[in-house]
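Engineer: got a sequence here, can you build the structure:
(one chain, ligands or ions: 2)
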Amino acid sequence: MSKVKTAFFCQNCGYESVKWLGQCPSCNQWNSFVEELIQKDNSKKINGWQDHDDKKINKATKLDEIKVSDEQRLLTKDAELDRVLGGGIVGGSIVLIAGEPGIGKSTLFLQTGLTLKNLTTLYISGEESYQQIKMRADRLNTPNENFYLLTETSTQTIFQEIKKIKPDLIIVDSIQTLQTPFIDSSPGSVSQIRETAAEFQRFAKDTNTPVFLIGHITKDGNIAGPKILEHMVDTVLQFEGDRHYAYRILRTLKNRFGSTSELGIYEMTDVGMRGVTNPSEILITQKDDELSGIAIAATIEGIRPLLIEAQALVTQSVYGTPQRTVTGFDLRRLQLLLAVLEKRGGFHFGVKDVFLNIAGGLKVEDPSIDLAVLCALLSSYEDTPLPNHVCFAGEIGLSGEIRAVNRIEQRIAEAEKLGFEKIIVSKFNQKGLAKQKFNIEVITMGRVEEVYRHFF
Ligand code: TYD
Ligand code: MG
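Structural biologist: Ligands and ions are numbered 1, 2, ... in the order given. Purely as a prediction, here's the structure:
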């Protein structure tokens, strides 16, 4: 049976007393004590983390009376991570990092914990043994005296250790392996994930300790089992990339403390993750001679301009059914572009095999890459290289028109910064665009045919 209790609270400073007092011993205010209901429910200790009973029940407070202390953000020394978090770690925030197995989540957050040398970090692993983590830490080669490891899955034991160590930062790898003794179902089930995450959420809010929860996602990109975690946490980061390429993207999907269009790029090296500060330079092949089938797209990922290379190979089809093979691009989008070229330009791609590759293994969602892909296809078809130092930004419509793209000035500025001499954009982007502001030549075109006439 739950037992309801009351206590007396000083209305001035919040001091709590079991009996009424005339003067508050804490703030010396007279006649400030009021009796209030507090619930002490000892029979149902489902709170996991907090079995201390001095917890006050929250009161409704006027918004005006709430004071905000200056938000202190913790910088991680990792510019990419700081950026996707919206400018560093917020105290008491709970961050979910989702990614496919083997993408490098454990590596990145082990590394983050190890680099924060003046913080006490607790890394809780339910997946790997002490030896395995130690071996990985040795590869990262970042000694840290304040780094604690705990291989445990029961939240009860975990919170006992947390109370002993009092860490400043907690990393849970992974939330799917944890279990709370208050629920019978097996680890990884929805109710377990929800409850264990809720325990960490309460802990984070109560102690103002930031918590990183690592979660596996399934191949189709869902956070395994529970979408529910996304609602409970403050920030959701997705770690993606092709396992066979060295580049990884950390994307913000939700952020209560910053923008969701942020993006961090990492390179997986043999000594851990390295933040890539100038991604465009590595995504473009350093080449001296002009090669056919290559075009550079000025894309935007999140709010970051990125120059990406599209490579196409168009060859005579050997078999009856022509092949279309893509990496890093949507196959249906490629088929659409081929259909546009077939219909508007009279190119016979129906008898050609087409291979398309976006360099670096990045998956580009920005439709502005269309124009570069189309030019790469044409260049390979004609076996005529496009001039170096030209890049493209435009979406292709079904009738062969080049459509406007957003943030055009940012794209142009990035292309200029990387030494490009010409950028081809949609004529519909012309409005309000101050071309003379840039040193790079901005060429506007309205239709696919114009592009063909210009280059081939
Ligand atoms: P891991 O962090 O275990 O992935 P996740 O936790 O997301 O499942 O990383 C797995 C891969 O990273 C593994 O194939 C080995 C590779 N790796 C490196 O390339 N360099 C390194 O320094 C480390 C520690 C791992
Ligand atoms: Mg792991």
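
Engineer: number of nearby residues for the closest residue to Tyr15 other than its chain neighbours?
Structural biologist: Nearest non-adjacent residue to Tyr15, counting by C-beta to C-beta, 6 or more residues apart in numbering: Ser26, 4.1 Å away. C-beta coordinates here come from the backbone N, C-alpha and C atoms, glycine included. Counted with other C-beta atoms under 10 Å, residues neighbouring Ser26 total 14.

Engineer: and Ser26, how far is that from ligand 1?
Structural biologist: According to C-beta to the nearest ligand atom, to the nearest Å, Ser26 and ligand 1 sit 48 Å apart.

Engineer: again, but for Ile170
Structural biologist: Taken as C-beta to the nearest ligand atom, the span from Ile170 to ligand 1 is 17 Å.

Engineer: can you tell me the helix or strand for that residue?
Structural biologist: Under the criterion of DSSP states H and E, Ile170 resides in strand 169-173.

Engineer: same deal with Arg248?
Structural biologist: Assessed by DSSP H and E, Arg248 sits inside strand 247-255.

Engineer: ligand 1 contacts on this structure?
Structural biologist: Contacts of the chain with ligand 1, taken as C-beta under 6 Å from any ligand atom, map to 99, 101-107, 136, 139, 268, 270-272.

Engineer: can you tell me which of the residues you listed are in strands?
Structural biologist: Secondary structure from DSSP state E places 99, 268, 272 of these in strands.

Engineer: next secondary structure after the longest helix belonging to the chain?
Structural biologist: Counting by DSSP state H, the longest helix found in the chain is helix 190-207. Later in the chain than helix 190-207, the nearest helix or strand by DSSP H and E is strand 211-216.

Engineer: which parts of the next helix-or-strand element following that next one are buried?
Structural biologist: Using DSSP H and E, the next helix or strand after strand 211-216 towards the C-terminus is helix 228-232. By neighbour count with 16 or more other C-beta atoms under 10 Å, helix 228-232 contains the buried residues 229, 232.

Engineer: with just CA atoms, put helix 228-232 into CSV.
Structural biologist: Provided in CSV are the C-alpha atoms of helix 228-232 (Å, rounded to 0.1, in the frame of the first residue of the first chain):
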residue,chain,number,x,y,z
ILE,A,228,10.2,5.4,-28.3
LEU,A,229,13.7,6.3,-27.3
GLU,A,230,13.7,9.2,-29.7
HIS,A,231,11.0,10.9,-27.6
MET,A,232,12.7,10.3,-24.3
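
Engineer: quick one, the helix or strand just after it and strand 211-216 angle?
Structural biologist: Heading C-terminal from helix 228-232, the first helix or strand you meet, by DSSP H and E, is strand 235-240. If you take axes from the mean of the first three to the mean of the last three C-alpha atoms, to 10 degrees, strand 235-240 sits at 40 degrees to strand 211-216.

Engineer: ok, strand 235-240: who's next to it in the sheet?
Structural biologist: As defined by DSSP bridges, the strand partners of strand 235-240 come to strand 94-99 (parallel), strand 247-255 (antiparallel).
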